[in-house]
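Trainee: Build me a model:
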Amino acid sequence: MRAVVFDRYGAADVLHLADIAQPHAQPGQIRIRVHAAAVNPVDWKIRSGASAAFHQTTFPHVPGLDAAGVVDEVGPGVDGTRVGDEVFGSTLTGASAQYALLDPTATAPRPPVMSWFEAAGLPSVAETGLRAVDLLGVTAGQTVLISGVAGGVGLAAAQFAASRGATVLGTASVAHHVEVARLGIMPIAYGDDLPQRIRAAVPVVDRAVDAAGHDVLPDLIALTGSPENVITVADGVGAQKHGVRFTTGAERRYWEALQLATALYEKGAFTLPVRQVYPLAQAAEAHRHSETGHGFGKLILAMD
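Mentor: Modelled structure (predicted):
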């Protein structure tokens, strides 16, 4: 099968197309013919070696966690999934390929109203966003601050919090304020005097999610009153230093997150915009784009 691979850690130039053996569904697995795959920051962190301490990588390696496609093999012991089903979820073998294996408990059916590109962009960010909101115990009537709200995890966390009846505000580049506001999120510009500017906008901040890093944890603690009211998905070193929870995904709940995201999407209460779609052959360019940290919405690779 055709796939994007890398044989060593390095810059985006190490990515190249190759013909590799097709994987086949083993017990408890399904295989999809991939229509679209997401490019997430974790993909280029794995490719560069920056996250080698957290992700075991064997070479050649197919990058990508999230994909959407049509089931074409069902392994023994799998119930409720059939050949021909259209699904999206987190892959076991790498998403940037014509075929990928998935654990069916980490997938969900693709709604007809959701494009392949939108579906491919959802799994990891939806799961991480919901996990952060759940661990903070966000409830109706609270005010929640998302640091880095224009990114995928930030947008997902913000919309999950809003679906519970919380008031949500988030920091984002000024260039993205219009898009953020359209989703019902109060945008706050990055920069100096952040706590003062946020206090001027809302009287109380009950909970905060750090989805971007950038050494914001002291400000978030000051705003919410306690490290217990803050969680980060992006700053493990800072979390340890300041006593903030750092969630890495040890207890992932993909099915719950994707089911909820799908239900909200069908009600018009959840979206993750697609920023740009690249052909598979331009995977390196998609990685470079992701590494800039600029732009609003998801970067997607198209297989067809």
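Trainee: check contacts around residue 304.
Mentor: The contact partners of residue 304, by C-beta atoms under 8 Å, 6 or more residues apart in numbering, come to residue 35. Backbone N, C-alpha and C define where each C-beta goes, glycine included.
Trainee: gap between the residue nearest the centre of the chain and residue 143?
Mentor: The geometric centre of the chain, computed from its C-alpha atoms, lies nearest to residue 125 (C-alpha atoms, centre = their mean), at 2.0 Å. Distance of residue 125 to residue 143, computed by C-beta to C-beta, to the nearest Å: 22 Å.
Trainee: Can you pull the poorly scored residue ranges out of the stretch 151-300 of the chain?
Mentor: Within the stretch 151-300 of the chain, the stretches falling below the threshold (pLDDT under 70) are 250-251.
Trainee: Helices along the stretch 201-304 of the chain, start to end?
Mentor: If DSSP state H, counting those that start in this stretch is used as the criterion, the helices of the stretch 201-304 of the chain fall at 217-224, 236-242, 254-266, 283-292.
Trainee: Now for the closest residue to residue 291 other than its chain neighbours, how many residues are close by?
Mentor: What sits nearest to residue 291 in space, not counting adjacent residues and going by C-beta to C-beta, 6 or more residues apart in numbering, is residue 44, at 5.5 Å. Residues near residue 44, counting by other C-beta atoms under 10 Å, number 22.
Trainee: Which residues are in contact with residue 44?
Mentor: 12, 63, 287, 290-291.
Trainee: Who wins on neighbours among those residues?
Mentor: Of all these, residue 287 has the most neighbours under the rule other C-beta under 10 Å, reaching 27 neighbours.
Trainee: in this structure, which spans are strands?
Mentor: Along the chain, the segments classed as strands by DSSP state E run 2-5, 16-19, 30-39, 66-74, 86-91, 99-109, 143-147, 167-172, 186-189, 207-210, 230-232, 245-246, 274-279, 298-302.
Trainee: How about the contacts made by the nearest residue to residue 106 once chain neighbours are set aside?
Mentor: Take residue 106 and drop its neighbours on the chain: the residue closest to it by C-beta to C-beta, 6+ apart is residue 254, 3.9 Å away. Taking C-beta under 8 Å, 6+ apart, we find residue 254 in contact with 89-90, 105-108, 123, 127.
Trainee: Equivalent analysis for residue 14, please.
Mentor: By C-beta under 8 Å, 6+ apart, the contact set of residue 14 is 6-8, 47.
Trainee: I'd like to know how far it sits from residue 301.
Mentor: Applying C-beta to C-beta, the value for residue 14 to residue 301 is 16 Å.
Trainee: got it, and residue 35?
Mentor: In this structure, residue 35 and residue 301 are separated by 10 Å, where distance is defined by C-beta to C-beta.
Trainee: So if I had to pick from those two, which one is more boxed in?
Mentor: Looking at residue 35 and residue 301 with other C-beta under 10 Å, you find the greater number of neighbours at residue 301, namely 27 against 21.
Trainee: is the more buried one in a bridge, and if so with what?
Mentor: Judged by DSSP bridges, the bridge partners of residue 301 are residue 37, residue 278.
Trainee: Distance-wise, check it relative to residue 131.
Mentor: In this view, residue 301 and residue 131 are 25 Å apart by C-beta to C-beta.
Trainee: and what of residue 9?
Mentor: As defined by C-beta to C-beta, residue 9 lies at a distance of 28 Å from residue 131.
Trainee: Of these two, which one has the most company?
Mentor: Taking residue 9 and residue 131 together and counting by other C-beta under 10 Å, residue 131 has the greater number of neighbours (25 against 15).
Trainee: Name the nearest residue to the more buried one, sequence neighbours excluded.
Mentor: Setting aside the residues directly before and after it, residue 131 is nearest to residue 247 in space (C-beta to C-beta, 6+ apart), at 5.8 Å.
Trainee: Just give me the neighbour total for the one you found.
Mentor: Other residues near residue 247 come to 19 when the count uses other C-beta under 10 Å.
Trainee: one step back: let me have the strands of the chain in TSV, extended by distance to residue 57.
Mentor: Shown next, in TSV, are the strands of the chain (distance: least, C-beta to C-beta, whole Å):
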stretch	distance to residue 57
strand 2-5	11
strand 16-19	16
strand 30-39	17
strand 66-74	17
strand 86-91	15
strand 99-109	17
strand 143-147	29
strand 167-172	32
strand 186-189	37
strand 207-210	26
strand 230-232	24
strand 245-246	22
strand 274-279	22
strand 298-302	19
